[in-house]
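> here is my input; please provide its structure:
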Amino acid sequence: TRNTDQISLLSKHKTQTVQQLESRGKIKARLIAESGLGIKPGHVEEKLQTLNDDDLVNLWQTSREKMQQCKDTNQVNGSIISRSLQRTNKLMTIIRGQNKTQNLYGQQGKEQSYGSTHRIGQA
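This next block holds a predicted model:
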């Protein structure tokens, strides 16, 4: 069983967190542009290392690692949700009596629809 209240709460929290990340991303981009360091996208870490500030470089690397973890987790969650949705849709189709016949490959290697009126084999 699924706790829909908890899922709803987590969904709201996720939405707020994503909005914060987007806002902070815009602020970061503005600060980098205003820094006068001429940092190009994808080259932030290289430029930060020239500043000889180990704490800043470590902070940058940690934030990049956490962002990658978030992306990986989000991808896994997306796959789980997608599979769950497919299962739910398939079950709803069956419950509604709209079960489509299966398409399988026939003897000629072409896709054929096999329903209750089609012969699958011959003895």
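> where does pLDDT dip in this structure?
1-2, 99-106, 108-109, 111-123 (pLDDT under 70).
> let's see 80
1-2, 97-123 (pLDDT under 80).
> please enumerate the helices of it.
Using DSSP state H, the helices of the chain run over 4-34, 44-49, 54-95.
> how about those helices in JSON lines, adding mean neighbour count and distance to Lys110?
(Glycine included, C-beta is placed from N, CA and C.) Below are the helices of the chain laid out as JSON lines (neighbours: other Cβ atoms under 10 Å; distance: least, Cβ to Cβ, whole Å):
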{"stretch": "helix 4-34", "mean neighbour count": "11", "distance to Lys110": "44"}
{"stretch": "helix 44-49", "mean neighbour count": "14", "distance to Lys110": "54"}
{"stretch": "helix 54-95", "mean neighbour count": "11", "distance to Lys110": "24"}
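> as a markdown table, those helices with distance to Gln107 would be great.
Output for those, formatted as a markdown table (distance: least, Cβ to Cβ, whole Å):
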| stretch | distance to Gln107 |
| --- | --- |
| helix 4-34 | 47 |
| helix 44-49 | 59 |
| helix 54-95 | 28 |
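> relative to Asp54, how far out is the residue most central in space within the chain?
By Cα atoms, centre = their mean, the chain has its centre lying nearest to Gln75, at 3.4 Å. Counting by Cβ to Cβ, to the nearest Å, the gap from Gln75 to Asp54 is 32 Å.
> kindly report the same for Ile39.
18 Å.
> for Glu46, give its distance to Ser23.
Look at Glu46 and Ser23: by Cβ to Cβ, they are 26 Å apart.
> and this structure, what are its domain boundaries?
The record's domain split for the chain, according to automatic domain parsing, is 16-41, 53-96.
> Gln6: which of the ones you listed is closest?
Of all the domains of the chain, the one in closest proximity to Gln6, counting by Cβ to Cβ, is domain 53-96 (14.5 Å).
> from the chain's centroid, how far away is the closest one?
4 Å (Cα atoms, centre = their mean, to the nearest Å).
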